[in-house]
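Engineer: When you get a sec, could you give me coordinates for this:
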Amino acid sequence: MRNQTLSLLASVLLFSCQGTTTPELRIFEDLATQEGLSGKADYLASPFSAAGDRIYLIGHQNGQFPDLGWHVEGEMGGIWLHPIKLMDGFTASVSWDQQTYCLDQAKTFTNYPFSNLHHFPLEGSGVEVERVQFVPDGKEGLTVLFRIKNVDKSEKKVRFQFNAFVDLMPVWLGERTGMIDQADMVSFDELTNTFSAKDQGNPWFTVWGTTEGVSLSPQDGLSCTFSSKGNGAAVGFSLEVTIPAGAEQIIPVFIAGSTESELKAMETLVDLRKNLDADWFAKKRRYETLATLSEIKIPDVDLQKAFEWIKYNTDWLVRDVPGIGRGFGAGLQDYPWWFGVDSEYTIQGLIATGRKDLVYSTLELIHNLSEKENGNGRIVHEVSTNGAVFNPGNINETPQWASTIWEVYRWTGDRELLEKYFPSIEKGLDWLLRENDKDGNLLADGYGMMEIHGLKSEMIDVAAYSQKAFADAAKMAEILGKTELSKRYQHTAEALAAKINSDFWVEEFGSYADFIGTAEEALHLIEDAIIRADTLDKPWAVDELKATKAKLSTLPKGQKQGFVLYHNWVVNTPMETGVADPEKAKIALATAKKYTNPFGTFVTGIDRDEQAENEDGSFAGSKSFSYTGAVMTLPTGVSAIGENNYGNPDQGLDYLKRMTRSFGFALPGSMYEVSPDYGMFTQAWNMYSFGVPIVMQFFGIQPDAGNRVIYIRPQMPSSWEEASIQKVIVGDNEINFSYVDKSGARVIEVEQTQSKWGISIEIPEEFSKVKILGKEVSSDTQNGYRRILMTGKKVRVEASK
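Structural biologist: Below you'll find the predicted structure:
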């Protein structure tokens, strides 16, 4: 695979860092003051990432860079500058006294919010090595720092060797936009003491080097084994350092790239060298700000920590690609590009945690990609970072787009946002029913969230999200003065609500149906499901499915009805959106609990068996990537939201606790897509599964920024006697909110930066004694709650029974 091998030796000696303050040393000193999360020894051979918005690195926690991923088989790890890859990775070694130690078996791994550290003790050698990765914001490069510590009692002359494994290649679907991979060639510039690699058929470059001024000269040979795919080249350099007893030496390696020119890559490299200090502390300040946005203090410290890090996780996924746009990808390592539905879920949590900047850029990106590909309001499903569309859109994504825009408007009050995107909503809702509802019953046919082959009839999630879309679009149309359109949308929403609660409800199973179809349409799906259940050795599911199959012959030919076959998680979407009738919701939520394990909700319920509640270890996934048997964070979050919608915060918290069990299970500071340790090791929609239940439901913050009112109806778990949330951004306002509920007395206090905004605090009627601090504007009672609307910088309600 490698067409070139080159090694270089630096003849100069670098001096010890002892007594010298350098940017590199200041980074290590600052890192020692930060809270890091330590990984598990059992998961050192699993992925991690160091990420910026332009470039990221993926390797293993032990320091290796094995072939990873399946989307481009074996190529999803390494160093990526989308839409191209720069390197498969690198190796490094230290040697002295004819002994060589490859730095590929770290004993510990520590993850920090925006960097990470591998520790190589090199037992019995008198030397320890640490490796740190850091990717600055907005730059097409990264820095790797190697700190070599002499913990012995005598001076050591150490040879450090760094080997880069270049592999300039296009992103997935590159061939659709003329990106054809060719062999890479490497050169060395003696004047700048830097390496440069170029794909021979494209203007793709990567450059790298160490400290400015270090003179290098060619030498044959590489240390440490490395095997990977591709048309790349292996290149190395060495440095000799003398380290006194008890001293250390830090060696930086700067790596940059460009999709345009070698000059641009070199300019980035110079920038990295010059501004390492400034870049580090600028990113540190930004992450400190991220932590303070919608910052919670709750009795459950594990959940609190997970929520904090999910903010960081989402930031790791931001991809900013010149000429295409800026938005967060779905997950690393195999889904670093953009998805319509993943964005629609995630944005609802992001806007509640103050990330208006990222919300707006992602909306712009998804909208532009959808208009370019479809032009009819249909929202794309999956788009690679070169702009190539893999799937122009599943049916659910278009109605979910409408509800996403409405949710963002509720938090921002930005009328221009509605004016900008409402035309696409109008087109999309028209496309939804005109193109996909052939029988005119308001239920669009086609694939929803469950991408099971053949499962594309009238799906429950499509129906639930469509109902909410028309209800939300009615509100937007009214704001924009489209009164008749608003009435029409509202009428459709009401009709859909009735159909969901009648046509989709299956009393026998205590559940909403997976889909509505004819017996003929159900037959092949049942047969496929029986094969699946039998293969997975789920006899209860086989028996249930065979009983359903036996009933098919008794049904009138061509008659459509709801079928419960897979017990897919999407049957919980009526509770997620709140369209379910309360009595049906109660029954359906109880049914949903049957399809869980200690980590959450099964994607497909028939994959569960009686052993599920004891499955608290690693996920036993198939050799080829598959969601069969999976418990995932999105379905579990949907379950939590559904429970909260129907007044069950304790059960909502139970689902959050289940998800939190997978936090840091494999990668410290992150939560896998499939619980606890399978699939994407960082997943965007985790922000939805935590942000909505915590901010909007437990704390009960429901903004109406367009009318400058924030409604607050806390719905805390019974075990939470005290809780607070700080720096919640709503429009141009910012609130801090504290809650205390002890001995039958409840105290709610809200501070806001905009004193003229209304704060509506809602208290259950059972609290008959109420004391108010603040300017009361109005008070009324609705649905068992007393609503007190107040203004002022600080408002407070003290209530007792």
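Engineer: Residue ranges in the stretch 201-350 of the chain under the pLDDT threshold?
Structural biologist: By pLDDT under 70, the low-scoring segments of the stretch 201-350 of the chain are 215-221.
Engineer: Give the buried residues for the helix or strand hosting Asp271.
Structural biologist: Assigned by DSSP states H and E, Asp271 belongs to helix 262-274. The neighbour-count check on helix 262-274 (16 or more other CB atoms under 10 Å) flags Glu262, Lys264, Ala265, Met266, Glu267, Thr268, Leu269, Val270, Asp271, Leu272, Arg273 as buried. (Each C-beta comes from the backbone N, C-alpha and C, glycine too.)
Engineer: In those, find the pair that's most separated.
Structural biologist: Distance extremes for the buried residues of helix 262-274: the farthest pair is Glu262 and Arg273 at 16.6 Å, using CB to CB.
Engineer: coming back round to it: summarise which helices and strands the helix holding Asp271 is packed against.
Structural biologist: Counting contacts by 3 or more CB pairs under 8 Å, 6 or more residues apart in numbering; DSSP states H and E, helix 262-274 is packed against strand 141-150, strand 194-199, strand 205-209, strand 248-258.
Engineer: ok, and what's touching the strand or helix carrying Ile735?
Structural biologist: Using DSSP H and E, Ile735 sits in strand 733-742. With contact meaning CB atoms under 8 Å, 6 or more residues apart in numbering, strand 733-742 is reached by 699, 701, 705, 708, 710, 712, 714, 716, 720-728, 746-754, 757, 759.
Engineer: In it, which residues are buried?
Structural biologist: Quick answer for strand 733-742 (16+ other CB under 10 Å): Asn733, Glu734, Ile735, Asn736, Phe737, Ser738, Tyr739, Asp741.
Engineer: looking only at pLDDT, what's the mean for it?
Structural biologist: Mean pLDDT, computed over strand 733-742, is 97.
Engineer: Note down every partner strand of that strand and its orientation.
Structural biologist: Sheet pairing here is set by DSSP bridges, and for strand 733-742 it gives strand 722-730 (antiparallel), strand 745-752 (antiparallel).
Engineer: Alpha carbons of that strand, in PDB - could you do that?
Structural biologist: What follows is strand 733-742, C-alpha atoms only, in PDB (Å, rounded to 0.1, in the frame of the first residue of the first chain):
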ATOM      1  CA  ASN A 733     -33.000  37.400  27.800                       C
ATOM      2  CA  GLU A 734     -31.000  35.200  30.200                       C
ATOM      3  CA  ILE A 735     -32.500  33.500  33.200                       C
ATOM      4  CA  ASN A 736     -31.200  31.700  36.300                       C
ATOM      5  CA  PHE A 737     -33.700  29.500  38.000                       C
ATOM      6  CA  SER A 738     -33.600  27.700  41.400                       C
ATOM      7  CA  TYR A 739     -36.100  25.200  42.900                       C
ATOM      8  CA  VAL A 740     -36.600  23.900  46.400                       C
ATOM      9  CA  ASP A 741     -39.300  21.500  47.500                       C
ATOM     10  CA  LYS A 742     -39.100  20.400  51.100                       C
END
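Engineer: circling back: can the strands paired with strand 733-742 go into JSON lines with extra columns for mean neighbour count?
Structural biologist: Shown next, in JSON lines, are these (neighbours: other CB atoms under 10 Å):
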{"stretch": "strand 722-730", "mean neighbour count": "19"}
{"stretch": "strand 745-752", "mean neighbour count": "19"}
